[in-house]
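Q: next input, structure requested:
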Amino acid sequence: MNTVWNLDPIYHGFDDPAFEADLSRLKDQVQALSALAGKLSQMDALDGLRQGIDIQENITRLAGKLALYAELRQAADTRDTVASSQMGRILAACSASAAPCAAFQAWAAKLPDLPALIQKDAVLKEYAFLFGNMQENSRYLLSGDGEAVAARMALSGGNAWSELQQYLTSTVKVNFRGTVTNLSAIRNMAYDEDPQVRRDAYEAELRCYESIRDSVAYALNAIKLETISDCQLRGYESPLERTLKASDMKRQTLDAMLGAIQEYLPRFRQYLRAKAKALGHKGGLPWYDLFAPMGISSTTFTTQQARDYLVELFSHFDGELSNMVARAFDDAWIDFYPRDGKAGGAFCAGVECLGQSRVLTNFDGKLGDVVTLAHELGHAFHNQCIQGHRPLNRDYSMPLAETASTFNECVVMAAAIRGAADDAERLNLVESQLQDTTQIICDILSRYLFEKSVFENREERFMDADTLCTMMLDAQQASYGDGLDEHVRHPYMWLCKSHYYGATYYNFPYAFGGLFARGLYAMYLKEGETFVPKYKELLRTTTVATAEDTAAVAGIDLTDRNFWRGALQTVADQIDLFCQLVQ
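A: Prediction:
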């Protein structure tokens with residue numbers, strides 16, 4: 001089995017003639033869209049809509065393929081300067097489409113009979129939701145050449161600062177017990193069975209940030225100020241409002257979820273204090289023991305064993321999902337192991353031109369790494385479910401993006417807990433799942449509060465590294481409370497998490513996805529096989545409906561705090577079980 005992903009089905013390299021040919025076609029299509037935009041007012045409306053959609057589909061296919069290849073090359077080795085240069089060429093070509101795209105959207109949004117026109121064409125009918133959003137969002141478009149200028153400025157602005165953060169965190173040297181390692185490897189030591197290793201790794205991690213913290217602080221300040229300026233120019237009330245609109249999600253839904261989370265924070269703090277006591281600490285849990293394993297788990301996995309385990313497990317849920325998981329391992333969709341220069345963490349990227357995905361992980365053989373694989377392969381399954389949509393209908397919003405991935409986690413962990421040999425193993429598994437859930441609730445809440453604070457302060461002042469660290473600790477206090485040792489937290493979470501350096505408020509979607517998936521999994525347990533078609537239809541709907549309408553496919557009202565309370569109560573029940581097991 002390959003341990004690195006195979007990108008050759010996309011391109012054989014940047015010197016592949018197909019790469020240059022596609023880049024040339026992309027530029028031609030951008031020019032065609034620009035020419036079309038200049039004559040829309042003189043065209044028959046239906047013909048203009050058809051041509052505009054056709055060209056934008058071509059641009060989406062080509063740009064997606066080109067940019068994805070460069071992104072995957074960069075993620076595999078952030079020192080790949082060729083990939084960085086080629087990405088610059090691709091982004092430059094794409095940025096030229098911003099103005100004509102905006103012109104098309106503005107023109108289409110003003111058509112008085114747009115809904116009726118759409119019904120006259122089979123392709124356009126499939127884009128009814130897209131056109132509805134065009135009408136809603138047209139008031140936020142920049143006039144004249146504004147969109148083109150904004151897109152070009154982002155190349156040397158937010159995009160460049162984001163690349164800097166990724167480069168610095170993936171190449172920083174970490175001194176650990178007389179050896180030099182990388183950040184991904186040192187952060188993985190947080191799961192080590194030896195408490196002294198965990199503590200030493202935590203302290204080594206914090207020390208390594210000293211050499212890069214000022215540069216990353218500048219990156220964060222620049223990105224957030226650019227976001228604020230962009231929102232003001234477009235007329236958004238705030239960056240949060242822009243994120244909610246982009247997420248096709250109501251503020252009432254976010255408020256209902258956050259309100260329910262606040263109600264249940266004492267239960268998470270109960271879990272953290274119980275874990276601290278079991279590990280011999282007084283009071284709250286020190287950060288370096290957040291991921292300390294408990295109970296007994298001697299199980300480790302090779303990549304082959306991980307494959308066989310997941311394929312067999314998901315076969316009991318759905319054959320389509322199980323077969324896709326097998327293909328992911330067998331056809332080299334996955335880049336498994338950490339190495340110098342490789343991006344940290346894990347992600348899944350859809351390769352639409354192949355009807356496949358590519359998954360990056362930093363695998364070290366623990367059950368948690370198998371759960372991570374299941375999570376990312378959930379994204380891959382989601383990608384597969386929406387593959388039947390037209391090219392412009394394949395983007396799901398951030399909140400719904402975590403649905404299938406977290407549902408997969410629920411399936412894996414429930415099976416593992418059911419199959420536990422004894423209480424020691426059951427404790428290990430229950431605590432492992434509580435670790436993950438605490439991350440998507442407490443840690444995500446702290447990230448949300450931190451980013452909110454950054455936006456509230458950035459317009460008036462520059463926040464240096466010390467200020468950002470203080471703000472991060474304040475956010476952790478508000479979220480974790482006395483569940484953590486107030487003297488041993490993580491002031492640099494703003495530096496190491498890439499989510500702050502890309503999409504705005506890419507934090508609450510994890511809480512949404514985790515709780516939404518728990519609610520869906522509870523439905524599956526009640527309904528059995530009859531739930532599966534409904535679940536796949538829900539996933540398919542995510543790209544062509546609001547979050548609220550998508551949930552309605554399963555009969556869920558997201559604006560009702562009781563739905564979120566129900567999902568959180570399943571976690572509270574696990575916390576009760578954990579407390580019994582540690583006693």
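Q: now the strands for the stretch 451-583 of the chain?
A: With strands called from DSSP state E, counting those that start in this stretch, the stretch 451-583 of the chain shows none.
Q: also the stretch 101-250 of the chain?
A: Going by DSSP E, counting those that start in this stretch, the stretch 101-250 of the chain shows strands at 174-176, 179-181.
Q: out of those, indicate the one that is most buried.
A: strand 174-176 (a mean of 17; mean count of other C-beta atoms under 10 Å). (C-beta placed from N, C-alpha, C; glycine too.)
Q: just to revisit the earlier point, kindly reformat the strands of the stretch 101-250 of the chain as a markdown table containing distance to residue 528 and mean pLDDT.
A: A markdown table is the format used below for the strands of the stretch 101-250 of the chain (distance: least, C-beta to C-beta, whole Å; pLDDT from 0 to 100):
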| stretch | distance to residue 528 | mean pLDDT |
| --- | --- | --- |
| strand 174-176 | 48 | 97 |
| strand 179-181 | 47 | 96 |
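Q: contacting residues for the nearest residue to residue 95 once chain neighbours are set aside?
A: Leaving aside its chain neighbours, residue 95 sits nearest to residue 151 (3.7 Å; criterion: C-beta to C-beta, 6 or more residues apart in numbering). Residue 151 makes contacts with 94-96, 98-99, as judged by C-beta atoms under 8 Å, 6 or more residues apart in numbering.
Q: of those residues - the most surrounded one?
A: Greatest neighbour count in those, by other C-beta atoms under 10 Å, goes to residue 99: 24 neighbours.
Q: from residue 406, how far out is it?
A: 38 Å (C-beta to C-beta, to the nearest Å).
Q: that older thread, from the contacts of residue 151, which ones fall inside helices?
A: Taking DSSP state H, the ones among the contacts of residue 151 that sit in helices are 94-95, 98-99.
Q: format the residues you listed as CSV; extra columns: distance to residue 123 and pLDDT.
A: Shown next, in CSV, are the ones in helices among the contacts of residue 151 (distance: C-beta to C-beta, whole Å; pLDDT from 0 to 100):
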residue, distance to residue 123, pLDDT
94, 23, 93
95, 27, 89
98, 23, 88
99, 24, 88
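Q: which pair in these has the greatest spatial separation?
A: Distance extremes for the ones in helices among the contacts of residue 151: the farthest pair is 94 and 99 at 11.8 Å, using C-beta to C-beta.
Q: can you pull the buried residues of the single longest helix found in the chain?
A: Ranked by residue count under DSSP H, the longest helix found in the chain is helix 45-76. For helix 45-76, the neighbour count (16 or more other C-beta atoms under 10 Å) marks 48-53, 55-76 as buried.
Q: ditto for stretch 490-503
A: So, applying 16+ other C-beta under 10 Å, buried residues of stretch 490-503: 490-501.
Q: stretch 36-43 too?
A: In stretch 36-43, counting by 16+ other C-beta under 10 Å, buried: 36-37, 40.
Q: just stretch 448-461 next, same as before
A: Under the neighbour-count criterion of 16+ other C-beta under 10 Å, stretch 448-461 has 448-455, 457-458 buried.
Q: could you dump the residues you listed to JSON lines with distance to residue 358 and pLDDT?
A: JSON lines is the format used below for these (distance: C-beta to C-beta, whole Å; pLDDT from 0 to 100):
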{"residue": "448", "distance to residue 358": "29", "pLDDT": "98"}
{"residue": "449", "distance to residue 358": "33", "pLDDT": "98"}
{"residue": "450", "distance to residue 358": "30", "pLDDT": "98"}
{"residue": "451", "distance to residue 358": "28", "pLDDT": "98"}
{"residue": "452", "distance to residue 358": "33", "pLDDT": "97"}
{"residue": "453", "distance to residue 358": "35", "pLDDT": "98"}
{"residue": "454", "distance to residue 358": "31", "pLDDT": "97"}
{"residue": "455", "distance to residue 358": "32", "pLDDT": "97"}
{"residue": "457", "distance to residue 358": "38", "pLDDT": "97"}
{"residue": "458", "distance to residue 358": "34", "pLDDT": "95"}
